[in-house]
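> Any chance you can model this:
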Amino acid sequence: MHRYEGTNETAPMKLIQISEAPLRFVARINNLDERVRRIFPLNRLLQAVRSKEMALIAPQLWDDPREDPTALCMLDGFKLSPIKRQQPLSAYLAPAWAQCWSFNPGSDTLLRAYSRVSRDLELQRNGNREDEGVTVTTTVRHLLAAGERWHANGVDGHVVVGRVEYLDDGDIWQRIVNACNGEHGPGFFRTVQGRADSLMWKRIYFSHEQEVRLMLIARACSGDNPVPSVRTVPIDPDSLFQSVSLDPRLAPGIAKEREAELRDAGYTGEIRPDDSYQKVLGQLVMLRDWPDP
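Purely as a prediction, here's the structure:
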């Protein structure tokens, strides 16, 4: 366990309280039309296309156990007079759900992290269908438009799309303790900006992901009812997904099967070929004679 002390020098902020009317927010993104990508598990993408719903997941289910650092903090009042017993900061956190996208234009590292292909040498089929991924592209503006469907149905939360900020561990903890010792105290994390910011502070270890998060910050913070692990947003896959690309390591025949599955599920948008793993032959124009081999 690491101990951090606040500076008590946080600047006053005009915060938007969770109880106010639902609104859309964008954090640290200047161009709403910049393209973002996400690698969906194949079966989840098919489910999203069929159901016309997309799932956002609560932070406690994310892979990185330190993804939501505020949930790992204890408030310690041993320096106060009278001394105040420890309390978990998690009791002050507004419920939230998120889905991760990326500004990364595509890389072998991300492909191998989120899509697994193991081709059978004889049948050329992928033996890891459950772990096979499909790359989907859209824009921040389209993600915000999807969030508008929540608001149209009287949603109980705020939609935020933000660029993740990659920091040293110490800087993340210092930001948290400064906020807790600031003007709004731990209640900072019951505001839209506070809770959204806390979910966009991530370790430098993951900086290659260039992550963008679509978040839903709940308006109600009651501890009486259990917080669901998953929330869904209604979508129109053909308008939200600008293009879909299958894993480029699939055998051509299997890729055609996957494309047929997407069409059968109801997707009519662009399925763009990904030639990242295609051999490329080069024809070299010689300007001088050379010896035969």
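> show me where the stretch 101-250 of the chain has strands.
133-139, 157-163, 165-167, 201-203, 211-218, 230-234, 243-246 (DSSP state E, counting those that start in this stretch).
> who wins for proximity to Arg50 among the ones you listed?
strand 230-234 (12.8 Å; CB to CB). No exception for glycine: its C-beta is placed from N, CA and C like everyone else's.
> The residue nearest to Thr135 when sequence neighbours are not counted: how many residues sit nearby?
Once flanking residues are discounted, Thr135 sits nearest to Ser245: 4.4 Å by CB to CB, 6 or more residues apart in numbering. By other CB atoms under 10 Å, 20 other residues sit near Ser245.
> Go ahead and list the helix or strand containing Gln283.
Taking DSSP states H and E as the definition, one finds Gln283 inside no helix or strand.
> By mean pLDDT, point me to the weakest helix or strand of this protein.
Lowest on mean pLDDT, DSSP states H and E among the helices and strands of the chain sits strand 24-27, with a mean of 78.
> How far off centre is that one?
Computed by CA atoms, centre = their mean, to the nearest Å, the chain-centroid distance of strand 24-27 equals 14 Å.
> Pull up the pairing partners for it, direction included.
Strands adjacent to strand 24-27 in the sheet, as given by DSSP bridges, are strand 157-163 (parallel).
> so for the partner strand, what's the average pLDDT?
Mean pLDDT, strand 157-163: 89.
> Mind listing residues that contact that strand?
16, 18, 22-29, 103, 140, 143-144, 147-148, 150-151, 192, 196, 200, 211-219 (CB atoms under 8 Å, 6 or more residues apart in numbering).
> rerun that using 7 Å as the cut-off
22-29, 140, 143-144, 147, 150, 192, 196, 200, 212-219 (CB atoms under 7 Å, 6 or more residues apart in numbering).
> Throw together a PyMOL command that grabs the buried residues out of those residues.
Provided next is the PyMOL selection string for whichever of the contacts of strand 157-163 are buried by 16 or more other CB atoms under 10 Å:
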select buried, resi 22+25+26+27+29+140+143+144+147+150+192+196+200+212+213+214+215+216+217+218+219
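> Determine the number of other residues adjacent to Leu167.
Leu167 - counted by other CB under 10 Å - has 18 other residues nearby.
> OK, contacts around it?
Contacts of Leu167 (CB under 7 Å, 6+ apart): 201, 204.
> can we see that at 6 Å?
Contacts for Leu167 (CB atoms under 6 Å, 6 or more residues apart in numbering) come out as Trp201.
> do the one 5 residues further on as well
For Ile172, the contacting residues are 69, 201, by CB under 6 Å, 6+ apart.
> What of Ala179?
Phe188.
> repeat for Arg149
If you count contacts by CB under 6 Å, 6+ apart, then Arg149 has Pro234 around it.
> And Arg35, by the same measure?
So Arg35 contacts 137, 139 (CB under 6 Å, 6+ apart).
> Next: Met74.
Contacts of Met74 (CB under 6 Å, 6+ apart): 86, 88.
> wait, doesn't Ile204 sit right on Asp169?
No: Ile204 lies out of contact with Asp169 (CB atoms under 6 Å); the separation is 8.6 Å.
> any idea how far the closest residue in space to Leu42 that isn't next to it in sequence lies from Lys256?
Distances taken as CB to CB, 6+ apart put Glu132 closest to Leu42, at 4.6 Å, once the chain neighbours are dropped. For Glu132, the distance to Lys256 equals 15 Å [CB to CB, to the nearest Å].
> So between these two, which is more surrounded?
Glu132 (25 against 12).
> Now the more buried one: phi and psi?
Main-chain torsions, Glu132, degrees, to the nearest 10: phi -80, psi 140.
> residues contacting it?
42, 115, 126.
> Can you check what pLDDT the model gives the second one?
With respect to pLDDT, Ser115 scores 95.
> With the first one instead?
Residue-level confidence at Leu42 comes out at 97, pLDDT.
> give me the number of residues near it?
The number of residues packed near Leu42 is 21, by other CB under 10 Å.
> Next, it: phi, psi?
The phi and psi values for Leu42, taken as degrees, to the nearest 10, are phi -50, psi -50.
> Please report how far the residue nearest to Thr135 lies from Met54.
Distance from Ser245 to Met54, by CB to CB: 18 Å.
> In a markdown table: the strands of the stretch 101-250 of the chain, plus distance to Asp64.
Output for the strands of the stretch 101-250 of the chain, formatted as a markdown table (distance: least, CB to CB, whole Å):
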| stretch | distance to Asp64 |
| --- | --- |
| strand 133-139 | 18 |
| strand 157-163 | 17 |
| strand 165-167 | 12 |
| strand 201-203 | 8 |
| strand 211-218 | 11 |
| strand 230-234 | 18 |
| strand 243-246 | 26 |
